[in-house]
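Trainee: task: produce atomic coordinates for the following.
(2 chains)
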Amino acid sequence: MDLINFEATELRLGLPGSTGEQPEKKSTPSPVNTNKRSSSEMDSSISEKQDSSRSPPPTKVQVVGWPPVRSHRRNILQGKKSESEMGSGIYVKVSMDGAPYLRKVDLKVYKSYGELMKGLQEMFKCIIGLYSEMEGYKSEYAPTYEDKDGDWMLVGDVPWDMFLTSCRRLRIMKSCEVMES
Amino acid sequence: MVYSLPEEVLEHVFSFIVSDKDRNVVSLVCKSWYEMERWCRRRIFVGNCYAVSPSIMIRRFPEVRSVELKGKPHFADFNLVPEGWGGYACSWIEEMSKAYPWLEEIRLKRMVVTDESLELISTSFKNFRVLVLSSCEGFSTDGLSAIAANCRNLRVLDLQESEVMDLSGHWLSHFPETFTSIESLNMSCLGSEVSFSALERLVARSPNLKTLRLNRSVPLGKLSTLLHLAPQLVELGTGAYSSGIRSDVYSSLSKAFLGCKEIKGLSGFWDVDLSYLPAFYSVCSRLTTLNLSYATIKSPDITKVISQCPNLQRLWVLDHIEDSGLNALALSCKNLQELRVFPSDMYAADANVTLTEQGLVSVSQGCTKLQSVLYFCHQMSNSALITIAKNRPNLTCFRLCIIEPRTPDYLTHEPLDIGFGAIVKHCKNLNRLSLSGLLTDRVFEYIGVHAKKLDMLSIAFAGDSDLGLHYVLSGCKSLKKLEIRDCPFGDTALLANVAKLATMRSLWMSSCAVSIGACKILSQKMPMLNVEVIDENGTLDSKLDSCLVEKLYVYRTVAGPRSDMPGYIWTMDRDSSSRI
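Mentor: Here you go, the predicted structure:
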């Protein structure tokens, strides 16, 4: 049985053009104005310095430490918001060929494909193996998912965040069957 | 003095003198009183842990039972103080562990505490009773395990808003089965789930438990179990306040609250499910403190609750309460002393909540005992501030945050100078003030002239020139803590008021117009001050005197420059600046 040739599809786990996950970097503030002291100069250099995420119009500028809400409270309130946006968990059914019953996983628990694979591995105590661009899956199983359009896709093509929003259910297929369908 | 009282009598008299100020005065009367007082002082409060060293404290006061320390500057709460700044409790705890074997109480605020220190506390003080870690960080649940396991007589464990490395909820299970002394437990800041059966058993065997603040992960369905085991509770912090649609949970919760005849304070209320709110209505009439500031419930529902709490003295709430809810508060809660209204959305300029200055005006009118206000809103007017000031001259703490910096009076488009001016003029006992909105130097003139009892002042995005700062430093007699950000205050005002700084606990200035040269001069003139320049970006050229500093922290001290500064802090040496 041939291992599936994945080279043609050139699948990667990152965003197109990126080499991997890059944390969003804050723009380094411009250096302190060293020799001008009038108020108007100060105003402009302050706002330049403070803004790491400036967005027009100026009235909506997010300034470090303003409004003065304690981090503890801020985290809870902001955490609340994102939770209500994403729902309290993205539960999808997981079926595995040959297994007598299905399982459910909360995709929100995982931060990456690697973590998801580990979790599925645990769950089904089989060796799915880590997906890799060049080598393909090293085992006889391949993880697939049904997306919003009802199509069955190979897990790992799209960026993780996109996967989270489009994945409806998971199916761990026997590798030989992937080729046939 | 021709005659003097015997030592035992004096000591007995001194034992009634509790306040630090009074004790300090007593110690200045004469040498023998100084000696006697220092041997019998039992409580120490150090407002700035770098103002004095542990050894100095221990040398003067050998028989201390209770120590309270504060570390980082207040603006650390808003992420203005960089990581690694300091505030380490380590050396204090180490020295106290050797010098004060009978120490009973440690209270720390904004300090960095390690697991090793917690372990040391748990094994060094045989009669240790009270541990309060408020807004602290640097420790994990392992440190808590040591406290739980070893402190046989612990009465209070309060982790208020600390950042704890939450390794597991297992720490609670380390309280031995023989441990029954706990009176107050606040674990609300912890994320992980504790073993409920361990919690249940702990509560069951603690007859003196008066304060219990649970964390979010304690399910609502289990709350009634705990309440049945502790009907003597006075302060309760719930966990998550929702449980799906479970009528059995509701009825048992309702019944449990009925059994709690002593509850005076409620907090918690994360993830509130409205249908469960009425479950605690039976305790409302007795409530003096209510913290709904994590509950995103709408005005009508909040109103329903507070209109059943006629004895409310302290209310913390989100701006969802809106003007309508505040009107109801003004009508129902005539004993209200403290109101804090927090923002639900920190950035939206037009939030979907109708909370304006009117709400605060209503409360200032209806609640005649109101003393302390913290209010986040989007608009304010001078006329509203003047009305509030005239209504409530008994205000002692007034902190107003208009969310958008430099917002003028929305009616007249003028600065809010006269509004805040009225506040300081009428509220003669004002000891804490936070300003916001569009403000010129004039407001500082008013503050300097009128705010004679002001102890702490917070200023942001205000003023036109050095004159503003000068008014404050030269006028505010009682000022101890001044924190300023993003104001055009600079060298002239600072250098004209150097002596004032020695009468204050601390001065914080960030994103202002102070130069390195001025810091050097200040440091030279005032050897009893530590002048610390924070240069996170590494752009400071200390040889260029006109170079402006990012952040400046100045405080008086008898301990000299500190030895634990990170690389980005410069101190101004007498002759030249040095980075330690």
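Trainee: every contact and neighbour count from this point should use C-alpha atoms.
Mentor: Fine.
Trainee: where in the chain is pLDDT low?
Mentor: All of this refers to chain A. Applying pLDDT under 70 to chain A flags residues A:1-62, A:78-89, A:125-139, A:177-181.
Trainee: please refer instead to chain B.
Mentor: B:1-3, B:245, B:347-351, B:573-580.
Trainee: residues from it in reach of chain A?
Mentor: B:77-80, B:161, B:294, B:344-349, B:401, B:403-404, B:464-465, B:486, B:488, B:511-513, B:537, B:539-540, B:546-550 (Cα under 8 Å from any Cα of the partner chain).
Trainee: just the buried ones from those?
Mentor: With burial judged by 16 or more other Cα atoms under 10 Å in any protein chain shown, the buried subset of those is B:77-80, B:161, B:294, B:344-347, B:401, B:403-404, B:464-465, B:486, B:488, B:511-513, B:539-540, B:546-550.
Trainee: now, those that are in strands?
Mentor: Cross-referencing these against strands under DSSP state E gives B:Cys401.
Trainee: how would you label B:Glu414: helix, strand or coil?
Mentor: coil (DSSP: H, G, I helix; E, B strand; the rest coil).
Trainee: helices and strands around the helix or strand harbouring B:Cys519, which ones?
Mentor: Taking DSSP states H and E as the definition, B:Cys519 sits inside helix B:516-525. With contacts defined as 3 or more Cα pairs under 8 Å, 6 or more residues apart in numbering or on different chains; DSSP states H and E, the packing partners of helix B:516-525 are helix B:491-496, strand B:529-534, strand B:569-572.
Trainee: which of the ones you listed is buried the deepest?
Mentor: When those are scored by mean count of other Cα atoms under 10 Å in any protein chain shown, the highest mean neighbour count falls to strand B:529-534 (a mean of 24).
Trainee: and whichever helix or strand comes after that one, which strands flank it?
Mentor: Once strand B:529-534 ends, the next helix or strand along the chain (criterion: DSSP H and E) is strand B:551-556. Sheet pairing of strand B:551-556 (DSSP bridges) gives strand B:506-510 (antiparallel), strand B:529-534 (antiparallel).
Trainee: nearest to B:Ile17, of the ones you listed?
Mentor: Distance to B:Ile17, taken as Cα to Cα, is lowest for strand B:506-510 among those, at 26.9 Å.
Trainee: return the distance of that closest one from the chain's centre.
Mentor: 17 Å (Cα atoms, centre = their mean, to the nearest Å).
Trainee: nearest spatial neighbour of B:Cys284, skipping sequence neighbours?
Mentor: Of all residues beyond its chain neighbours, the one nearest B:Cys284 is B:Cys309 (5.0 Å), with distances taken as Cα to Cα, 6 or more residues apart in numbering or on different chains.
Trainee: distance of that neighbour relative to chain A?
Mentor: As judged by Cα to the nearest Cα, to the nearest Å, B:Cys309 and chain A stand 25 Å apart.
Trainee: checking that residue next. Helix, strand or coil?
Mentor: Using three-state DSSP, the three-state assignment for B:Cys309 comes out as coil.
Trainee: ok, B:Ser251 next?
Mentor: helix.
Trainee: contact partners for the closest residue to chain A within the stretch 51-200 of chain B?
Mentor: Closest approach between the stretch 51-200 of chain B and chain A, counting by Cα to the nearest Cα: B:Phe78, at 4.5 Å. Residues in contact with B:Phe78 (Cα atoms under 8 Å, 6 or more residues apart in numbering or on different chains) are A:64-66, A:68-71.
Trainee: just the buried subset of those residues, please.
Mentor: A:65-66, A:68-71.
Trainee: which ones among the residues you listed also lie next to chain B?
Mentor: Near chain B, by the rule Cα under 8 Å from any Cα, you find A:65-66, A:68-71 out of the buried ones among the contacts of B:Phe78.
Trainee: distance check, B:Thr141 against B:Ser124.
Mentor: 19 Å (Cα to Cα, to the nearest Å).
Trainee: B:Ser332 now?
Mentor: The gap separating B:Ser332 from B:Ser124 is 50 Å, by Cα to Cα.
Trainee: now the strands for the stretch 1-150 of chain B?
Mentor: Using DSSP state E, counting those that start in this stretch, the strands of the stretch 1-150 of chain B run over B:43-46, B:66-70, B:105-109, B:130-134, B:137-140.
Trainee: I'd like those as CSV, with mean neighbour count appended.
Mentor: Converted to CSV, these look like this (neighbours: other Cα atoms under 10 Å in any protein chain shown):
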stretch, mean neighbour count
strand B:43-46, 16
strand B:66-70, 19
strand B:105-109, 21
strand B:130-134, 21
strand B:137-140, 18
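Trainee: could you redo the ones you listed as TSV and give each row distance to B:Ala230?
Mentor: Below are the strands of the stretch 1-150 of chain B laid out as TSV (distance: least, Cα to Cα, whole Å):
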stretch	distance to B:Ala230
strand B:43-46	31
strand B:66-70	28
strand B:105-109	25
strand B:130-134	21
strand B:137-140	28
